[in-house]
Structures are given as structure tokens and as C-alpha cells.
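Asker: structure, please.
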Amino acid sequence: MTTHGTTEDTRAGHTALLYRGAVEYLAAVLPFVRGGVAAGDAVTVAAPVENLDLLREACAAEGIAGDVRWLDMAEVGGNPGRIVPVVLHPVLDRPARVVTEVVWPDRPRAQYPSCVRHEALANRLLDGSGLRLLCPYDAAALEQSVLADALTTHPGVLDRAGYRSSVEYAPESALSGAGSVGRPAEPDAARGLLVGVGDLGAARAMVSTEARAHGLSEQRVGDVALVVTELVTNSIEHGGGHARLAVWAADGELVCQVRDDGTLADPLAGLRPAPVDQAHGRGLLLVQSLADLVTIHADGRGTVVRAHFTRGTGA
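Answerer: Residues are numbered from 1 along each chain as shown. Okay, the predicted model is just below:
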């Protein structure tokens, strides 16, 4: 097996690591972390717990574990829309190296479209920054379509053959659904409502009723109503004067979907904290913080946002 390289092998700034097994994982990720610590960079590892523990043990053996911020990706990035504000944004203003294992075999399938979106948008976020991202993908266990999406969303690829530029790199196509993630459609059983300026109360009442029927706590019912209010208001203001609201329960979750005919002017909206002197622009950030999962699909036909709420989460 060819030994994975280190500094030069992550020169793209956003590199997909296609690894097979723990030996290859450590051969690539440990030098990346070690090099960051030696350079005085801010180093973060956000990974599922098995690989997090594997790497932390190796770093502890070298005496550098205390120089690394360790994050369980299943906790901080269960909603992939929180990865930027929680994991990346705190180190965007300095030289930094971050390992973000965004996709792993046991991650719930419903979260995957938001993972692809995160990986595609990360390239815009990194432009002009001193941040390097290394994103491991278990090439032995993940589906080929997932690995294909990784090649689409990362300008650099590292595997047992070494580093290469990704000829498949086309993040904008991933954002528009040209990859393995397409435009979503609501189920026939969904309860729907066309919402205009005077219909916000009806929208809140509808989703609150559905949230209570789904068994959510009163606090979470309030969260659902607030999230839908933010999404619908945003659609009315920027998506043609009305929104199509749908709500349904599936796989133990309550799903609230807002669809409009507008385009998302800033795809990074909701991922970066708004400046304190900015009057607007916090709605989607609030949505990301309250919902257990948010998926966004934007193309030439409009924008579809889904907020998922799981029983038992929240207070």
C-alpha cells in the first residue's frame, strides 16, 4: 500500500480522503493533525466516535491530544447545517486544519442530502481563508454514489495511490441536484396549505396541531411553530409572495416543508453567524439551530426547505 502523504497532499484546501480500514485512516489523518499542531495551527477533529477515539488514542501516544479540539460529529453535525457555525466558523479567521468526517456508513440516510450540500458549500467558505479541510470517506463501506458525490464536491482527492486533483469536481452541480441527490417530493398523505401574508396564524396553528399529535413536548411545539414562521415569512418576502407549506410524519419524525418559486440569493445563509450590526439574516440560522435536521434544495424551479423534528429531542 502506498503511504498517504501529508502537507502537500492537502494543498487543495478541501480534500476528500478515500480510505479503507483503520491503518489507511491513521496513515493519512494522523500526519495531517500532527503537521497542524507542529505549525501552530488551530486543529479540530470532528468524526464519528469510533474514528474519533482511534485518532485521539494515536495523538495521545504522541503527546499532542491536548492540542486538538475533539468533536463527535454525530452530536455536533447530526444536522449538517450546524457544521459550519459550530465546527468551522470559530477557526475561519486563523490558520487551521480541520478533519470533518461528514459522511459515514451508519449515518441516517435522511441526513445525506444536507451532507452533500455542506461539502459543496464548504468550497465557497474556504475561499481566501487559511483553513484546510480533510474529509475522510470509508471507501470500503460507502456506496459508489456517495464516493462519486465526494469527487464532485472536493477539488482534491487523497487515496492509497496518493494525491490528485478531482477531474469530477463540480460543486455547483451538486447544489442543483445533478448528482445523486435530486429534488424532493412530499408524500401524498402530507397536509398542505398555501400561505400568503395574512395566513401566518393558520400556518402556525396547522403545524402546532400536527406537532402535538406527533407527541412533541410543548417547548418543541413552540420550536416547530417558530421555525415554520421563519421559513414561510422568508418565502413570502423573497419567493414570490406566497409559500406552499406541507407537514407530515414519517420514520418517527415530524417533517415541515416550505416550497416557493424563488432562488436562494446566498446559499451560505443560515450557516454563518450574522454580524451584530446586521438587522436581518438570522432566520435560517435560527432554523438550523432549532430543527434536528434541515435540508435545502434550490434549483431553477425554486427552493424547497425541510425541517425535521424528532420525538425525544429537545427539552
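Asker: Ala139 and Gly21 touch, don't they?
Answerer: No. The criterion here is C-beta atoms under 8 Å, and Ala139 misses it with Gly21 at 9.6 Å. Where you see a C-beta, it was placed from the backbone N, CA and C, and this is true even at glycine.
Asker: who has more neighbours out of the two?
Answerer: Ranked by neighbour count (other C-beta atoms under 10 Å), Ala139 and Gly21 place Ala139 first, with 19 against 13.
Asker: can you pull out the strands in the protein?
Answerer: Under the criterion DSSP state E, the chain contains strands at 14-19, 42-47, 68-72, 96-100, 131-138, 156-159, 162-165, 191-195, 243-250, 253-260, 293-299, 302-310.
Asker: so where do the helices sit in this structure?
Answerer: 21-39, 49-61, 73-76, 83, 112-126, 144-153, 171-175, 200-213, 218-238, 283-290 (DSSP state H).
Asker: most tightly packed of those helices?
Answerer: helix 83 (a mean of 27; mean count of other C-beta atoms under 10 Å).
Asker: okay, now the domains of the chain?
Answerer: Listed domain ranges for the chain are 8-175, 191-310 (source: automatic domain parsing).
Asker: nearest to Ala185, out of those?
Answerer: Ala185 lies closest to domain 191-310 among those, at 9.0 Å (C-beta to C-beta).
Asker: tell me how far the closest one lies from the chain's centre.
Answerer: Between the centre of domain 191-310 and the centre of its chain there are 17 Å (C-alpha atoms, centre = their mean, to the nearest Å).
Asker: any idea how far apart the tips of it sit?
Answerer: Distance across domain 191-310, first residue to last, is 18 Å (C-alpha to C-alpha, to the nearest Å).
Asker: what is the mean pLDDT for stretch 214-226?
Answerer: When pLDDT is averaged along stretch 214-226, the result is 96.
Asker: per-residue pLDDT, Pro267?
Answerer: Spelled out, the predicted local distance difference test score at Pro267 is 79.
Asker: try Glu237
Answerer: 87.
Asker: that older thread, make a markdown table out of the domains of the chain and add distance to Pro184.
Answerer: A markdown table is the format used below for the domains of the chain (distance: least, C-beta to C-beta, whole Å):
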| stretch | distance to Pro184 |
| --- | --- |
| domain 8-175 | 8 |
| domain 191-310 | 6 |
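Asker: lowest average confidence across those, which one?
Answerer: If you rank the domains of the chain by mean pLDDT, domain 191-310 sits at the bottom with a mean of 88.
Asker: related to what we said a few turns ago, of all the helices of the chain, which lies closest to Phe309?
Answerer: Nearest of these to Phe309, taken as C-beta to C-beta: helix 218-238 at 5.7 Å.
Asker: and Leu216, what does it touch?
Answerer: Contacts were defined as C-beta atoms under 8 Å, 6 or more residues apart in numbering; by that measure Leu216 touches Val224, Leu254, Phe309, Arg311, Gly314.
Asker: how many residues are close by the nearest residue in space to the fourth one that is not next to it in sequence?
Answerer: Right, the one you point to is Arg311. Take Arg311 and drop its neighbours on the chain: the residue closest to it by C-beta to C-beta, 6 or more residues apart in numbering is Gly215, 5.2 Å away. Gly215 has 12 neighbours, counted by other C-beta under 10 Å.
Asker: re earlier: between the strands of the chain, which gets nearest to Val86?
Answerer: Of those, the one closest to Val86 (C-beta to C-beta) turns out to be strand 68-72, at 7.8 Å.
Asker: next, the angle from that closest one to strand 42-47.
Answerer: 20 degrees (axes from the mean of the first three to the mean of the last three C-alpha atoms, to 10 degrees).
Asker: pull out the buried residues from strand 68-72.
Answerer: Val68, Trp70, Leu71 (16 or more other C-beta atoms under 10 Å).
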